[in-house]
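Chemist: turn this into a model:
(one chain, ligands or ions: 2)
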Amino acid sequence: MNNDIERVLYSQEEINHRADELAAAITEEYHDQNPLVISVLTGAMIFTSDMLKRLNFKLNVDLVDVSSYDGTDSTGQVKLDFDLKSDVKGRSVIIMEDIIDTGRTLKYLVQLLKDRGAKSVAVCALLDKPGRREVSIEGDYVGFTTPNEFLVGYGLDYNNLYRNLPYVGVLKRSVYAN
Ligand code: IMP
Ligand code: MG
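Modeler: Ligands and ions are numbered 1, 2, ... in the order given. The predicted model follows:
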């Protein structure tokens, strides 16, 4: 598995350190708001878990699954595969996402939650690839701004592989080019 990685971009230690900083900023803003933290499956699973352990105040957790991706190319279409259990009406919501790429997924999700009456919707993403953006959306809390390369590990996958790498790395082109 590690032979398929071109280079490591963010190590576990760097991610831990950045998660501390993000959690401190979120705590300052949300500690008295009982927010609903929504993790976007499956990619944000590991990052969400890291963040939740650092948010020591009253909050609720829910899950959502949206898909727009096929291999390394965005299909441009976003689809709700698994809906929330919670009512977001009047709630302060924080979406946890692995990466903001074209921005389509988050644009769709943020709009959906606003349409359902959320009081506020913030986006917390481990990674941001602004060079690939196709729709206007920005993360409120972003771990790292990354180059335009296909990344795997720490939840991010290629065809549902590599999610369990304990770092974020660049996938070798030879793995997906043919
Ligand atoms: P967007 O809708 O184009 O912003 O894409 C968001 C989703 O695409 C993320 O939640 C990821 O699941 C996936 N994605 C985007 N870039 C990468 C990448 O470099 N590696 C793995 N998955 C990615
Ligand atoms: Mg995703």
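Chemist: could you give the separation of whichever strand or helix holds residue 121 from the chain centroid?
Modeler: Assigned by DSSP states H and E, residue 121 belongs to strand 120-128. Per Cα atoms, centre = their mean, to the nearest Å, the displacement of strand 120-128 from the mean C-alpha position of its chain is 7 Å.
Chemist: which of the helices and strands in this structure ranks last by mean pLDDT?
Modeler: strand 73-82 (a mean of 80; mean pLDDT, DSSP states H and E).
Chemist: which SSE is immediately downstream of that one?
Modeler: Moving toward the C-terminus from strand 73-82, the next helix or strand (DSSP H and E) is strand 92-100.
Chemist: who does that following strand pair up with?
Modeler: Strand 92-100 has the following strand partners under DSSP bridges: strand 36-41 (parallel), strand 120-128 (parallel).
Chemist: of those strands, which is nearest residue 51?
Modeler: When these are compared by Cβ to Cβ, strand 120-128 sits nearest residue 51, at 6.8 Å. Every residue, glycine included, has its C-beta placed from N, CA and C.
Chemist: is that closest one anywhere near ligand 1?
Modeler: No: using Cβ under 6 Å from any ligand atom, strand 120-128 stays clear of ligand 1, with a minimum separation of 7.7 Å.
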